[in-house]
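[1] pasting the structure only:
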DNA sequence: GAATATTAGTTGTTTTTGTAACTAACAAGG
DNA sequence: CCTTGTTAGTTACAAAAACAACTAATATTC
């Protein structure tokens, strides 16, 4: 088997990336899942609002490359949890500006703390230079402008 | 906003990893999806069998960290497509040995070719050293023994 | 060697996602 | 204006994933 096999599955980047992503997500997931009953898209939306301030659903979608239906549902759940408020734009009444409530802000800060700690723990396994290279490469692969 | 904010979402590794994984998966997906109507778990199982030869569902699950229900369904579909054969282990009649049929082998080789090409194209954006570091780090993060 | 526990794999049910079609608001061209 | 086109966001339905409960075979233990 595998005659001229210069291909190793565990070196294939899409495979490796997915495995690493799943593994690292799993570790962070329990924070937002257990404590706040959130889904992945929900904390992403929450983090965007916490990180960049008031945004519309469309802006979040564009920045995070999340489909609008996922955002719509995530926003609905976050609004239900009283973590975000939605206010119609008076100039363009199709879109609405999303912002964190104090409770949402608190959840964001709490989760951000855990995220930072989690991230630090991951990075501790590598040298500073390695981590810098990893981030630079992942940003490139993800299509995020440097 | 963001008073003592030494936290940037686009530097958070689980986020970056997921974005990069999603992006890279998307590119490769169309090969196995359009040409063979496969799902992600299906090509993973196919690749394991092609790469490591005959295995049981359990062994694949352990190596790829895929849940047994996903494997069970993927194997069922692959068997339906006549890409794998299942033969009961005579010593332990609970488990069965999975192996590729000639058609499965052909599909594997075809997809492997595309995978290799895809991987090469991705790597071309970086230096050899960077790619080596990336692979090493991802293997570590994914919990794959070096 | 019967009773209990484990293991390999499957099936059923519930969540979550993906996709397409929809509503409502705005924009442009005639 | 008023038809046609576009955009922001929602909803409905189909596909896939997660989780729990199941069957059948093997191990264990008393």
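    Okay, I see it. Computed from a predicted model, the values in this text were never measured in an experiment.
[2] can stretch A:139-146 be found next to chain B?
    Yes. Against chain B, stretch A:139-146 shows contacts by Cβ under 8 Å from any Cβ of the partner chain at A:139-144. No exception for glycine: its C-beta is placed from N, CA and C like everyone else's.
[3] residues contacting the most centrally placed residue in chain A?
    Residue closest to the average C-alpha location in chain A (Cα atoms, centre = their mean): residue A:44, at 3.9 Å. Residues counted as contacts of residue A:44 (Cβ atoms under 8 Å, 6 or more residues apart in numbering or on different chains) are A:64, A:66, A:74, B:15.
[4] what residues does chain A put near DNA strand D?
    Residues of chain A lying close to DNA strand D by Cβ under 7 Å from any atom of the strand are A:56-58, A:61, A:68-69, A:71-73, A:75-76, A:86, A:92, A:94-96.
[5] out of those, which are inside strands?
    Mapping those onto strands (DSSP state E) picks out A:56, A:86, A:96.
[6] Can you say which of the residues you listed are buried?
    Neighbour counting by 16 or more other Cβ atoms under 10 Å in any protein chain shown classes A:56, A:96 among these as buried.
[7] In terms of distance to DNA strand D, which of the ones in strands among the residues of chain A next to DNA strand D ranks first?
    residue A:56 (3.8 Å; Cβ to the nearest atom of the strand).
[8] from memory that closest one sits against residue A:96, does it?
    Yes. Using Cβ atoms under 8 Å, residue A:56 is in contact with residue A:96, at 6.5 Å.
[9] Overlap in contacts, these two.
    Common contacts of residue A:56 and residue A:96 (Cβ under 8 Å, 6+ apart): residue A:89.
[10] could you pull out the helices for chain A?
    A:13-36, A:40-52, A:57-64, A:68-80, A:102-123, A:128-142 (DSSP state H).
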